[in-house]
Each structure stands twice: as C-alpha cells, then as structure tokens.
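Participant: Can you look at this prediction? I've put the sequence above it.
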Amino acid sequence: MKQREFYCTKCGLFHWKDKRTGVKGCPNAACISNGENEVSRIYGVSSMAYAYYVKNHIDEMKSIAWSSLEFAPDYVLEYYKKQSIKIKL
C-alpha cells in the first residue's frame, strides 16, 4: 500500500494516508477539520502548497505539530522525534 504524508493546519497533526483513499479531512476526531469538506486545511507534505505554508507559519507549526502511532507508521515517529515533533501516546 502506497502512503503519503499530510499535515493538518488546524490541529498540527502529521498523518499518513493511502494514496488511493485521497484526502477527506483530518483523521483526528477532535479536530475541527475532521470531515470530508475540510480538505483545504490539509496539505500533502510533498506539495508546494505545504512548502509555502511552512515558510509563513513555521513558529505556529513548531508549537502545535504532533503525531502518534495511530496516525503514522512507527518508523516515521523516530524521524518526527528528531525534528522535535511531539509524539502522543
């Protein structure tokens, strides 16, 4: 299964989804972007839109960015830790 990394601009969640599934909002049930109509708040990490977002919002991202084993593969969490991204249990 091919997966792609995404970032939610509202709750700061870095998460991975199957490429074939597509983006249908944030998978975090507690996020206001949770829902199929909230795609505009989710960026593919490999996209230019994400690069521009990071450039303009890096301080905000550093304070809210997080992930967990529920939303990302375990091997990725080690990279997130090295980048000072919070890992929630």
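Facilitator: The structure has been received and is ready for your questions.

Participant: okay, CA-based contacts and neighbour counts for the rest of this
Facilitator: Noted.

Participant: where are the low-confidence patches of this protein?
Facilitator: Low-confidence regions of the chain, defined by pLDDT under 70, span residues 1, 19-23, 36-39.

Participant: Quick one: the strands in it, in order.
Facilitator: When secondary structure is read from DSSP state E, the chain shows strands at 3-8, 14-18, 42-44, 66-67, 86-87.

Participant: Off-centre distance for the top helix by length along the chain?
Facilitator: Of all the segments assigned as helix in the chain under DSSP state H, the longest by residue count is helix 48-64. Averaging C-alpha positions (CA atoms, centre = their mean, to the nearest Å) puts helix 48-64 11 Å from its chain's average.

Participant: That one to strand 3-8, inter-axis angle?
Facilitator: Orientation note: helix 48-64 sits at an angle of 60 degrees relative to strand 3-8 (axes from the mean of the first three to the mean of the last three CA atoms, to 10 degrees).

Participant: still on that earlier bit, adding mean neighbour count and distance to residue 80, write the strands of the chain out as a markdown table.
Facilitator: Compiled in a markdown table, these are given as follows (neighbours: other CA atoms under 10 Å; distance: least, CA to CA, whole Å):
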| stretch | mean neighbour count | distance to residue 80 |
| --- | --- | --- |
| strand 3-8 | 19 | 12 |
| strand 14-18 | 20 | 9 |
| strand 42-44 | 20 | 16 |
| strand 66-67 | 24 | 8 |
| strand 86-87 | 17 | 7 |
